[in-house]
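Peer 1: Give me a model of this one.
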Amino acid sequence: MKNYFEGQMKFTDRLAIEVGIEQGHSFKKIANVLHRHPTTVSNEIKVNRTFIAGNYPGGNDCRKARQCEKRHLCDEEYCNKRCKTCRKQDCHEICQGYVSQKCTKYEKPPYVCNRCKDKRICNKEKYIYSAKHAEAAVERRRSDSRR
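Peer 2: Take a look at the predicted model:
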């Protein structure tokens with residue numbers, strides 16, 4: 001029988017997770033190598049992944065944002081700005097033509113974009129798992145909790 005409780009994860013464990021993700025291994029396979037439960041690996045990835053903000057035209061993630069010319073969707077009487085550039089109102093909430101272009105692949109296992117073939121050219125929001133960044137995040141949380 002496996003002993004799933006091995007104490008806190010070490011940097012080498014996190015490195016094994018990163019390599020496992022890069023090689024396309026399942027959480028179960030990674031967990032077997034680390035002698036941990038697959039849920040532990042999954043939680044480690046979700047808690048310590050690094051968020052990278054998307055680079056959308058004008059900060060607007062609508063598929064139609066580049067060619068959108070809509071105006072006067074809000075209640076502002078004298079507003080003449082295009083809705084996609086307005087800072088007072090979120091056009092996502094008031095425009096019937098809004099179509100999100102956000103990627104949702106990171107909402108399912110492996111919860112990161114490490115293996116995505118479009119990772120380098122993608123300008124959408126993404127999550128990356130890096131052992132180095134995960135270790136730094138854990139150290140920061142440990143340090144903050146001990147203050």
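
Peer 1: Any regions of the protein where pLDDT drops low?
Peer 2: In the predicted model of the chain, residues 1-6, 57-58, 84, 86-87 satisfy pLDDT under 70.

Peer 1: Need the residue closest to the centroid of it.
Peer 2: Ranked by distance to the mean C-alpha position of the chain (Cα atoms, centre = their mean), the top residue is Tyr127 at 3.1 Å.

Peer 1: Packing partners of whichever helix or strand that residue is part of?
Peer 2: Tyr127 is part of strand 126-128 when elements are defined by DSSP states H and E. Based on contacts counted as 3 or more Cβ pairs under 8 Å, 6 or more residues apart in numbering; DSSP states H and E, the elements that strand 126-128 packs against are strand 50-52. In this view, the C-beta of every residue, glycine as well, is placed from N, C-alpha and C.

Peer 1: Paired strands for the strand it packs on, with orientation please.
Peer 2: Strands flanking strand 50-52 in the sheet, each with its direction: strand 126-128 (antiparallel) (DSSP bridges).

Peer 1: Surely Asn55 and Glu125 touch.
Peer 2: No - the pair Asn55 and Glu125 fails to qualify as a contact (Cβ atoms under 8 Å) at a distance of 9.2 Å.

Peer 1: which residues does the residue nearest to Arg71 when sequence neighbours are not counted contact?
Peer 2: Nearest in space to Arg71, with sequence neighbours left out and distances taken as Cβ to Cβ, 6 or more residues apart in numbering, is Arg82 at 5.7 Å. Applying Cβ atoms under 8 Å, 6 or more residues apart in numbering, we find Arg82 in contact with Cys68, Glu69, Lys70, Arg71.

Peer 1: Next one: Arg82 relative to Thr40, how far apart?
Peer 2: Computed with Cβ to Cβ, to the nearest Å, the distance linking Arg82 and Thr40 is 48 Å.

Peer 1: buried sites along stretch 17-24?
Peer 2: Going by neighbour count (16 or more other Cβ atoms under 10 Å), the buried part of stretch 17-24 is Ile17, Glu18, Gly20, Ile21.

Peer 1: isn't there a helix covering the first one?
Peer 2: Yes - remark: Ile17 belongs to a helix, assigned using DSSP: H, G, I helix; E, B strand; the rest coil.

Peer 1: Settle this for me: it is touching Asn114, isn't it.
Peer 2: No - with contact defined as Cβ under 8 Å, Ile17 and Asn114 do not form a contacting pair (10.2 Å).
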